[in-house]
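Participant: predicted model follows, preceded by the sequence.
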Amino acid sequence: MKFECRQQLNQIVNAITMNNNYDPRNDNEFPKISHDDQSETAPQLAIHRLVKMTINKPSCNIDSDPIHDISQEQNEQQSLSIHHRPTRQCAVHMEDQPFDQFEKRYSEQCQHKERTICDMCVYSNVEAALKDMQITSLTCPELGCQAVFDYNEVCEILLKNDNQALFELYDRQLTHQHLEQMSEFIWCPYPGCGSGQLIERDTSDRNRISCIKCNRMICSHHRIKWHIDMTCEEYDQLEVKPDEKTKRWLNKYSKQCPQCKSPIQKAEGCDHMTCKKCNHQFCWECLVDYIFIRRGGLDQHKRTCSHYRNSRQMRRMNRFRTNRCTIS
């Protein structure tokens, strides 16, 4: 019975993590669950309720009806009405916008007295963060205000712009985050797989598990690819007393997330890393938080990092190139 329960749980989790088109609001999307034993079906029902609580928000239903084109006459009338309304200059794109673009305070936690950034730029800021997988860093972009937008506030911003695809992306990321908070949930660490599953603890080799999608071996204790020819205890010893060869191997292939301390292996790609457990973004080489790099530029990297660039020198060089006289 327990094995069948575990299989059903993994079917649900796999449906969530692998099917971009699945809708948790539809009960038919989930595998049929027997209610003969409440103790065995409780985890399935808990996951079902968790996902429905996350996604089935009555205040966040986005109308998916197509947006009708506005006629040229309506556009002209709208343009005339804008000129007669009071305006304010947006602090981001430095253009005048109707005053009602600055009225709504999206968060009760906002510390600014009035808004200087228009609705469209607030939306663009949220859009960029979501596409960059930064669901925990959705904050008010006003200068000096770091109020964090909650679910309903993000939902309201997306509703205002009728972006169904972006809403579904945010919903999916939030669901994944809830799953990752479960101690028995693990992502497959192999590039290109993307599967997630619940860990089976009743096997003899409890730390060595197989991915339910790609069938490759994973260390569920360290949450990395299986360390071939080493037990978990031997792998831990490498980190305690590493010799030079082992130290080079660890430095090259494995590092700890600066935020949650989970071990991370880099298989391929650039040095802009995202921790799958806590979504923290950092530079693989110098471990600097990408929030600082995104705000301050490349000189936020450590000076020893190969990605470090002195912004003052770069600005001087750009001015020199711009002002340099060329003779033809």
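Facilitator: Happy to help now that I have it.
Participant: strands of the stretch 201-328 of the chain, residue ranges please.
Facilitator: Counting by DSSP state E, counting those that start in this stretch, the segments of the stretch 201-328 of the chain that form strands are 208-210, 217-219, 224-225, 254-256, 263-265, 272-274, 281-283.
Participant: and these as CSV, adding distance to residue 289?
Facilitator: The way it works is simple: take the backbone N, C-alpha and C, and place the C-beta from them, glycine included. As requested, the strands of the stretch 201-328 of the chain are exported to CSV (distance: least, Cβ to Cβ, whole Å):
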stretch, distance to residue 289
strand 208-210, 32
strand 217-219, 27
strand 224-225, 22
strand 254-256, 14
strand 263-265, 15
strand 272-274, 11
strand 281-283, 6
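Participant: so which of those gets nearest residue 139?
Facilitator: strand 281-283 (14.5 Å; Cβ to Cβ).
Participant: counting by contacts, list what that closest one packs against.
Facilitator: Using 3 or more Cβ pairs under 8 Å, 6 or more residues apart in numbering; DSSP states H and E as the contact criterion, the secondary-structure elements in contact with strand 281-283 are strand 272-274, helix 290-296.
Participant: and that strand, average pLDDT?
Facilitator: What strand 281-283 shows for mean pLDDT is 91.
Participant: what does stretch 210-223 contact?
Facilitator: Taking Cβ atoms under 8 Å, 6 or more residues apart in numbering as the criterion, the residues outside stretch 210-223 that touch it are 10, 14, 18, 186-190, 193-195, 197, 199, 206-209, 224-227, 232, 235, 262-263, 277.
Participant: just the buried subset of those, please.
Facilitator: Among those, those classed as buried by 16 or more other Cβ atoms under 10 Å are 10, 14, 186-190, 193, 195, 197, 199, 207-209, 224-227, 232, 235, 263, 277.
Participant: now do the helices in this protein.
Facilitator: Using DSSP state H, the helices of the chain run over residues 2-18, 38-55, 72-84, 119-131, 151-160, 164-180, 232-240, 244-253, 290-296, 311-323.
Participant: per-domain residue ranges of this structure.
Facilitator: Under the assignment named as automatic domain parsing, the residue ranges that make up the domains of the chain are 1-58, 85-175, 242-321.
Participant: ok, back up a step: least reliable of the helices of the chain going by mean pLDDT?
Facilitator: Looking at the helices of the chain, the lowest mean pLDDT belongs to helix 38-55 (a mean of 50).
Participant: just the pLDDT for residue 212.
Facilitator: Listed pLDDT for residue 212 reads 90.
Participant: ramachandran angles for the nearest residue to residue 211 once chain neighbours are set aside?
Facilitator: Distances taken as Cβ to Cβ, 6 or more residues apart in numbering put residue 188 closest to residue 211, at 4.4 Å, once the chain neighbours are dropped. Reported as degrees, to the nearest 10, the phi and psi values for residue 188 are phi -70, psi 130.
Participant: hmm, back to that, and the strands of the stretch 201-328 of the chain: which comes nearest residue 294?
Facilitator: If we rank the strands of the stretch 201-328 of the chain by Cβ to Cβ, the stretch that ends up nearest is strand 281-283, at 8.6 Å.
Participant: go through that closest one and flag the buried ones.
Facilitator: Of the residues in strand 281-283, those scored as buried under the neighbour-count criterion (16+ other Cβ under 10 Å) are 281-283.
Participant: and if you look at stretch 152-172?
Facilitator: Applying a neighbour-count criterion of 16+ other Cβ under 10 Å, the buried positions in stretch 152-172 are 153-155, 157-159, 161, 163, 166-172.
Participant: start to end distance for stretch 207-221?
Facilitator: For stretch 207-221, the separation between the terminal residues is 6 Å (Cα to Cα, to the nearest Å).
Participant: now the nearest residue to residue 103 once chain neighbours are set aside: how far from residue 156?
Facilitator: Spatial nearest neighbour of residue 103, excluding adjacent residues (Cβ to Cβ, 6+ apart): residue 115 at 7.6 Å. Distance from residue 115 to residue 156, counting by Cβ to Cβ, to the nearest Å: 15 Å.
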